[in-house]
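Colleague: next comes the sequence, and after it the predicted model I'd like to discuss.
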Amino acid sequence: MYYNAALILEGGAMRGLYTSGILDVLLKKDIQFKTVIGVSAGSLAGANFVSKQYKRTYNINTKYRDDKEYISMANVLKKESIINLDFLFDDHGPTWHNFDARAYERSETNFVIVATSLESGKAVTFEKPRPGRPLINALEASSSMPFISKPHETSKGLCLDGGVADSIPYDLAQKAGFDKIVVVRTRMRSYRKKPTSFALRRLYAKHFKDYPNFIKQAIARPEDYNASVEKLNKLEKAGEIFVLAPKEPVKVGRLEHSVKKLDELYQIGVNDMEARFDEMLKYLEA
């Protein structure tokens, strides 16, 4: 079933296994959205959703988490990103989980990737980038976390983690005129970020000294995030937006090593989507 609605996917690195559980239920039930907007890990899961690749996100992150070609702290010494996202899109042979570029291109869904511009400190978007380097660059930019990943050159300049400027970009769906918006979070509704510490402020100032607008936005991120969540919770309570979010604190680290924890989080996402599936359809069809 195809819905004239927007699906918004929050980031969260390995917490994205919760998102992938939800998306795999939607794929099994053939639920499609006119637009999918993803940020950071949400954009990576979103790409696999648009290409309709059931369990691709889950399989790669549970089977290859300890593959040093994918994630390696040693990359820091080489001044490279800890997470090698090219690994996700390289051709590893016919038995691997290769990205289905043709299915992605055929999809009627408009896929929007959100990143943060180093120059302006504001959110920038990439709409349905072509498979290959344009798509990979946008996804890498959106998913590159400050300090552990290097900035990525894109068609809109150097960019980093989309979550710095817009962690839960439901506002983009509102601006696009969507009346029906489904948001997938990777934090509990009650979660709030703590103010940026003095030490982190200094680290931002030193590391990104050539990008004052990015420094300002990164430091302000907790306040912006918390304000966005407050508004989202009110919109959900009013029935204007449908939200899926973990009910308990997610005890999975950004670069979680425990496959058991990743598998458990994925299953929580599956269970939450199955439990609320009829409720979501009622919202979409009202």
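Modeller: Perfect, I can see it now.
Colleague: ok, residues contacting the helix or strand of the chain with the lowest mean pLDDT?
Modeller: Within the chain, no helix or strand scores below helix 86-89, which has a mean of 83 by mean pLDDT, DSSP states H and E. By Cβ atoms under 8 Å, 6 or more residues apart in numbering, the surrounding residues in contact with helix 86-89 are Leu44, Ile60, Tyr64, Asp67, Glu69, Tyr70, Phe99, Leu135, Ile136, Glu140. Bear in mind the C-beta positions are built from the backbone N, C-alpha and C, glycine included.
Colleague: what's the burial count for the fourth one?
Modeller: The one in question is Asp67. 12 (other Cβ atoms under 10 Å).
Colleague: ok, for it, nearest residue in space, not its chain neighbours?
Modeller: The shortest distance from Asp67 to any non-neighbouring residue, by Cβ to Cβ, 6 or more residues apart in numbering, is to Phe87 (7.6 Å).
Colleague: run a quick neighbour tally on the one you found.
Modeller: Phe87 has 15 neighbouring residues, counting by other Cβ under 10 Å.
Colleague: for Glu140, see how far away it is.
Modeller: Phe87 is 11 Å from Glu140, where distance means Cβ to Cβ, to the nearest Å.
Colleague: can you check Leu7 too?
Modeller: Per Cβ to Cβ, Leu7 is found 21 Å from Glu140.
Colleague: where do the strands of the stretch 151-286 of the chain begin and end?
Modeller: With DSSP state E, counting those that start in this stretch as the criterion, the stretch 151-286 of the chain has strands at 152-154, 157-160, 181-184, 242-244.
Colleague: out of the ones you listed, nearest to Val252?
Modeller: strand 181-184 (15.4 Å; Cβ to Cβ).
Colleague: which residue is the nearest non-sequential neighbour of the residue positioned nearest the centre of the chain?
Modeller: Residue closest to the mean C-alpha point of the chain, counted by Cα atoms, centre = their mean, is Gly42 at 1.8 Å. Once flanking residues are discounted, Gly42 sits nearest to Leu9: 3.0 Å by Cβ to Cβ, 6+ apart.
Colleague: from Leu284, how far off is the one you found?
Modeller: Leu9 sits 16 Å away from Leu284, going by Cβ to Cβ.
Colleague: more neighbours, these two?
Modeller: Leu9 (30 against 17).
Colleague: let me see the backbone angles for that one.
Modeller: Main-chain torsions, Leu9, degrees, to the nearest 10: phi -120, psi 110.
Colleague: ok, now which ones touch it?
Modeller: When contacts are counted by Cβ under 8 Å, 6+ apart, Leu9 touches Thr19, Leu23, Val36, Ile37, Gly38, Val39, Gly42, Ser43, Ala45, Gly46, Val184.
Colleague: again, but for Tyr204
Modeller: Pro146, Thr196, Ile215, Ala218, Ile219.
Colleague: who wins for neighbours among those residues?
Modeller: The most crowded member of those, judged by other Cβ under 10 Å, is Ala218 (25 neighbours).
Colleague: that one against Phe208, yeah?
Modeller: Yes - counting by Cβ atoms under 8 Å, Ala218 does reach Phe208; the two are 7.4 Å apart.
Colleague: now do the shared contacts for those two.
Modeller: Pro146.
Colleague: wait, a helix at Ala115?
Modeller: No - Ala115 sits outside any helix when classified using DSSP: H, G, I helix; E, B strand; the rest coil, being strand.
Colleague: go ahead and confirm it touches Gly121.
Modeller: No - contact criterion Cβ under 8 Å: Ala115 and Gly121 do not qualify, at 11.7 Å.
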